[in-house]
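Q: sharing a model prediction with you, sequence too.
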Amino acid sequence: MDTTLKQSSQVETKPSISKKFSLYVNGQNLQANAHYIFYKENILMLPVGSIGVVLGYQVEYNHKDNYTKIYKTSYFESDAIIIRYSDITDEGLSFFYYSKGAEYFSIDIQPEIKGDELYVPAVFFEQVLSCTVAVTQNGNITVDSSN
């Protein structure tokens, strides 16, 4: 089984994001950190914490130890999702993945921290949290979990 987080066809191309765009999560306009949304290697990067909170998740950052944990009800819940991101410069090795319970899945593009927020590829929301992500004609971004 291929466990690599793959780029979705919905955000595969690089639509332009206008300077006055809005980010909508389940119809709610999300103002916080929206101005940091960016493309990295032609892949849309979105703030996992700001969006996760609107989707009903608890978000705990531990940037010192290179991980972020998101969960619905309990920190120790077996279906909590841990996103790991690290550069081990001694060996020239980088690793980034997420885990859910005892399962580990790789992420193609390294998550990035901007303004104390962790940004992950948009496909994370689609494949891990079962959301739909789209960039509209006018450059607005929508994340919808109602599917």
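A: Right, received. Where do you want to start?
Q: in three-state terms, label the most centrally placed residue in the chain for me.
A: Centroid check for the chain by C-alpha atoms, centre = their mean gives Val120 as the closest residue, at 3.3 Å. Secondary structure, DSSP: H, G, I helix; E, B strand; the rest coil: Val120 is strand.
Q: okay but it is in contact with Met45, surely?
A: Yes - the pair Val120 / Met45 is scored as a contact, 6.7 Å apart, by C-beta atoms under 8 Å. No exception for glycine: its C-beta is placed from N, CA and C like everyone else's.
Q: Tyr85 pairs with what?
A: Beta-bridge partners of Tyr85, counted by DSSP bridges, are Phe96.
Q: that one and Pro111 touch, don't they?
A: Yes - contact criterion C-beta under 8 Å: Tyr85 and Pro111 qualify, at 4.4 Å.
Q: which one's more surrounded, these two?
A: More crowded of Tyr85 and Pro111, by other C-beta atoms under 10 Å: Pro111, with 23 against 20.
Q: give me the pLDDT for the more buried one.
A: On the pLDDT scale, Pro111 is placed at 89.
Q: next: Asn42.
A: If you check Asn42, the pLDDT there is 88.
Q: that one - how many residues pack around it?
A: Neighbours of Asn42 under the rule other C-beta under 10 Å: 11.
Q: what stretches of this structure score poorly on pLDDT?
A: 1-20, 32-35, 75-78, 87-95, 147 (pLDDT under 70).
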